[in-house]
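Student: need coordinates for the below:
(one chain, ligands or ions: 1)
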Amino acid sequence: MASTTLPTPSLNPDSSSDFNIAIIGAGIGGLALAIGLSHLSIPFTIYESAPAFSAVGAGVGLGPNALHAMDLIDSRFRKRYMEIATGNLKPEKRHVMMEAMRMETGLGEGEGWWGNGGWPKGYTGFERTGAHRKDLLDIMTSFIRKEAVFFNKRVSNMWQANNTVTLEFEDGDVVQHAAVVGCDGVKGFSRRIVLGERHPEHVEPKYTGKYVYRAILPMKDAKRILGDLATDAKMYMSKGANISTYPISKGKQMNIVAFRRDEGMWTGIESTKEVAREEMVKDFTAINLDPRLMELLDCAKPTRWGIFNHPTTPTYYSSLICLLGDVAHASSPHQGAGAGQGLEDSLILYRVLGRLCHTTSSSVLSTPSPERLRRIEAAFRAYDEVRRPRAQEQVRTAEETGELYQLRDKHGREVRLEDAVRTLNGRFRWIWEGDLDSDVRRAEGRFDELVKGLGSRDEAEGSARP
Ligand SMILES: Cc1cc2nc3c(=O)[nH]c(=O)nc-3n(C[C@H](O)[C@H](O)[C@H](O)COP(=O)(O)OP(=O)(O)OC[C@H]3O[C@@H](n4cnc5c(N)ncnc54)[C@H](O)[C@@H]3O)c2cc1C
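Tutor: Residues are numbered from 1 along each chain as shown. Got it, this is the predicted structure:
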């Protein structure tokens, strides 16, 4: 776990009267929203349960949609990311997301598809980029004012009353905010608050029946083991398992994620489980694993990371509380798109909140009232309407993509590797080519429409007041 420590400022127990938005969680989602809000000078406070900014996990790959979202959040963001991003190391593989290999001995060399198993074939709109999470985190935190971040602040309760939201922390502190954006990850507490009463069956994340082992290897070791195959992104496929490898850290390191199908249930509340090294090895011995891959696996920690998702989220908000990132739409990582979807959320939400601030008088914004509440609700509703269909579609299709990597179709039927590659070719463009400019316009337009509808209601209520 990489971390960056910041001094802790003192809490302002009532941030509701001056329109301050609480962001719960300082992961990629929460930080991206904070960058956007900073850009528009909209006040916010981040509450993070960890003692410092921290990046759990290793590499993260970002597609063209994620880069475009960065651009629209703050053009410096994308520029800085590109300085640390790593693509495939061979120039001719620049536009290749992944190349198929077999996991079994020989890796499939000599088969008809060998040398021709990359996707997306013939499409140059995609350029492979990935980064070490620590490097991405360092960039994101550099945009955020230290005074706006509170560490060691685990939200333990949250409720809405008197047109504001109250947050209670594990240490007993209590604060109030005009609105809250829960960015607290796949098992985030804010999901229970938004969905618990209306949709209790959709609160808990679902175990996808897959877990992973992870590792980062110096590239020189990866090359010693894999030779020429180490320098570019590969997906090693097999029935019941797959391994993804790609270069990060400007080609100095290789990121490895080994996926294993699990027909059982995930037990316990933790998302990770330490197992004996022999157990990890046993997970792959039935596959007649190529010895080179076995050597890679030897470098992984024998920790199983359960993969959970949120296949259904009936709404992303409840009045003044809104969900963003994994807490809204955690996905299995097979399309390398979860963080990118969080960036898209952040883009749409900060822009619609910008619209809210731009079109609302400062006297209304700064004082809790039914009118302020309804305007914030309108912003969250516009965000929900634009973002939820696309983000949930990513969750759904990621499951199918993960099955293809294990040579099965969505009905559980076996698929030949060459057919899997053909299908994979067409699966990503809708994600990469999402029209984010149009999504921003739609969300802002929808907010305007919803607020227009409120005008007459507020006037009527105003004239009825004594
Ligand atoms: C193996 C794997 C590989 C992946 N690869 C990719 C990839 O290549 N590309 C991609 O786009 N995505 C990928 N993803 C998905 C991506 O990592 C996530 O979508 C993204 O990191 C989620 O960010 P987030 O900010 O929503 O949540 P998180 O990163 O989980 O952040 C949540 C934050 O909230 C804090 N928090 C939680 N509860 C509380 C509380 N009660 N009070 C205060 N703070 C709290 C946590 O400490 C944490 O800092 C991958 C995921 C996995 C598992």
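
Student: ranges for the helices of the stretch 151-300 of the chain?
Tutor: With DSSP state H, counting those that start in this stretch as the criterion, the stretch 151-300 of the chain has helices at 189-195, 219-226, 277-285, 291-298.

Student: after the last one, which helix or strand is next?
Tutor: What it means is helix 291-298. Using DSSP states H and E, the helix or strand that follows helix 291-298 in sequence is strand 303-309.

Student: buried residues in that following strand?
Tutor: Using 16 or more other Cβ atoms under 10 Å as the test for burial, strand 303-309 gives Arg304, Trp305, Gly306, Ile307, Phe308, Asn309. C-beta coordinates here come from the backbone N, C-alpha and C atoms, glycine included.

Student: now the third one. Nearest residue, chain neighbours left out?
Tutor: This means Gly306. Using Cβ to Cβ, 6 or more residues apart in numbering and skipping the chain neighbours, the partner closest in space to Gly306 is Trp266 (4.6 Å).

Student: next one: the one you found relative to Ala58, how far apart?
Tutor: Going from Trp266 to Ala58 by Cβ to Cβ, to the nearest Å gives 21 Å.

Student: and Asp298, by the same measure?
Tutor: Counting by Cβ to Cβ - Asp298 and Ala58 are separated by 17 Å.

Student: what's the end-to-end length of stretch 82-90?
Tutor: Terminal residues of stretch 82-90 are spaced 17 Å apart (Cα to Cα, to the nearest Å).

Student: now do stretch 237-255
Tutor: End-to-end for stretch 237-255, by Cα to Cα: 16 Å.

Student: distance from it to the middle of the chain?
Tutor: How far stretch 237-255 lies from its chain's middle: 19 Å, per Cα atoms, centre = their mean, to the nearest Å.

Student: give the buried residues for it.
Tutor: So for stretch 237-255, counting by 16+ other Cβ under 10 Å, buried means 237-238, 240-250, 253-255.

Student: domain parsing for this structure?
Tutor: The record's domain split for the chain, according to automatic domain parsing, is 2-86+129-205+310-462, 207-309.

Student: switch these over to a markdown table; also include mean pLDDT.
Tutor: Output for these, formatted as a markdown table (pLDDT from 0 to 100):
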| stretch | mean pLDDT |
| --- | --- |
| domain 2-86+129-205+310-462 | 93 |
| domain 207-309 | 95 |
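
Student: these into TSV, with extra columns for distance to Leu107?
Tutor: Shown next, in TSV, are those (distance: least, Cβ to Cβ, whole Å):
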stretch	distance to Leu107
domain 2-86+129-205+310-462	11
domain 207-309	5
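
Student: which stretch among those comes nearest Met103?
Tutor: With Cβ to Cβ as the measure, domain 207-309 is the member of the domains of the chain nearest Met103 (3.7 Å).

Student: and stretch 86-99, end to end?
Tutor: One end of stretch 86-99 sits 16 Å from the other (Cα to Cα).

Student: which SS class is the residue nearest the centre of the chain?
Tutor: With distances taken as Cα atoms, centre = their mean, Ala339 lies nearest the centre of the chain, 2.8 Å away. Ala339 carries the three-state label helix when classified by DSSP: H, G, I helix; E, B strand; the rest coil.

Student: could you pull up the residues touching the closest residue to it other than its chain neighbours?
Tutor: Leaving aside its sequence neighbours, Ala339 sits nearest to Ile28 (Cβ to Cβ, 6+ apart; 4.8 Å). By Cβ atoms under 8 Å, 6 or more residues apart in numbering, Ile28 lies in contact with Val60, Leu136, Leu137, Met140, Gly325, Ala339, Gly342, Leu343.

Student: just the strands in the stretch 151-300 of the chain please.
Tutor: In the stretch 151-300 of the chain, the strands defined using DSSP state E, counting those that start in this stretch lie at 155-161, 164-169, 174-177, 179-182, 206-218, 234-238, 241-248, 253-261, 272-274.

Student: brain fart, the stretch 301-450 of the chain
Tutor: In the stretch 301-450 of the chain, the segments counted as strands under DSSP E, counting those that start in this stretch are 303-309, 317-318, 321-323.

Student: looking at those strands, spot the one closest to Lys153.
Tutor: Closest among the strands of the stretch 301-450 of the chain, once you apply Cβ to Cβ, is strand 321-323, at 16.7 Å.

Student: returning to what we had before: looking at the contacts of Ile28, which one is closest to the ligand?
Tutor: In terms of Cβ to the nearest ligand atom, no member of the contacts of Ile28 lies closer to the ligand than Gly325, at 2.4 Å.

Student: and the closest residue to that closest one other than its chain neighbours, how close does it get to the ligand?
Tutor: In space, and not counting its chain neighbours, Gly325 is closest to Gly29: 2.6 Å by Cβ to Cβ, 6+ apart. Computed with Cβ to the nearest ligand atom, to the nearest Å, the distance linking Gly29 and the ligand is 3 Å.

Student: now do the SS call for Gly29.
Tutor: Three-state call for Gly29 (three-state DSSP): helix.

Student: show me which pair in the buried residues of stretch 237-255 is furthest apart.
Tutor: Most distant of the buried residues of stretch 237-255, by Cβ to Cβ, are Gly240 and Lys250, 34.0 Å apart.

Student: contact residues of the protein facing the ligand?
Tutor: Residues of the chain found near the ligand (Cβ under 6 Å from any ligand atom) are 24-30, 47-50, 57, 60-62, 153-155, 183-185, 188-189, 212, 257, 325-326, 333, 336-340, 342.

Student: now the stretch 101-250 of the chain against the ligand: closest residue?
Tutor: The ligand sits closest to Gly185 of the stretch 101-250 of the chain, with a gap of 2.6 Å, by Cβ to the nearest ligand atom.

Student: pretty sure that residue is touching Asp326, no?
Tutor: Yes - with contact defined as Cβ atoms under 8 Å, Gly185 reaches Asp326; the gap is 4.9 Å.

Student: so for these two, which residue has more residues nearby?
Tutor: Using other Cβ atoms under 10 Å as the criterion, Gly185 and Asp326 rank with Asp326 on top: 28 against 23.

Student: what separation do you get for the residue lying closest to that one once chain neighbours are set aside and Met235?
Tutor: Leaving aside its sequence neighbours, Asp326 sits nearest to Val186 (Cβ to Cβ, 6+ apart; 4.5 Å). From Val186 over to Met235 the distance is 23 Å, taken as Cβ to Cβ.

Student: more crowded one of the two?
Tutor: Shown here are Val186 and Met235; by other Cβ under 10 Å, Met235 has more neighbours (25 against 20).

Student: now do the contacts for the residue lying closest to the more buried one once chain neighbours are set aside.
Tutor: Take Met235 and drop its neighbours on the chain: the residue closest to it by Cβ to Cβ, 6+ apart is Met98, 4.4 Å away. Going by Cβ under 8 Å, 6+ apart, Met98 touches Gly118, Trp119, Ala233, Lys234, Met235, Ser244, Tyr246, Leu424.

Student: farthest-separated two in the residues you listed?
Tutor: Counting by Cβ to Cβ, the most remote pair of the contacts of Met98 is Tyr246 and Leu424, 15.5 Å apart.
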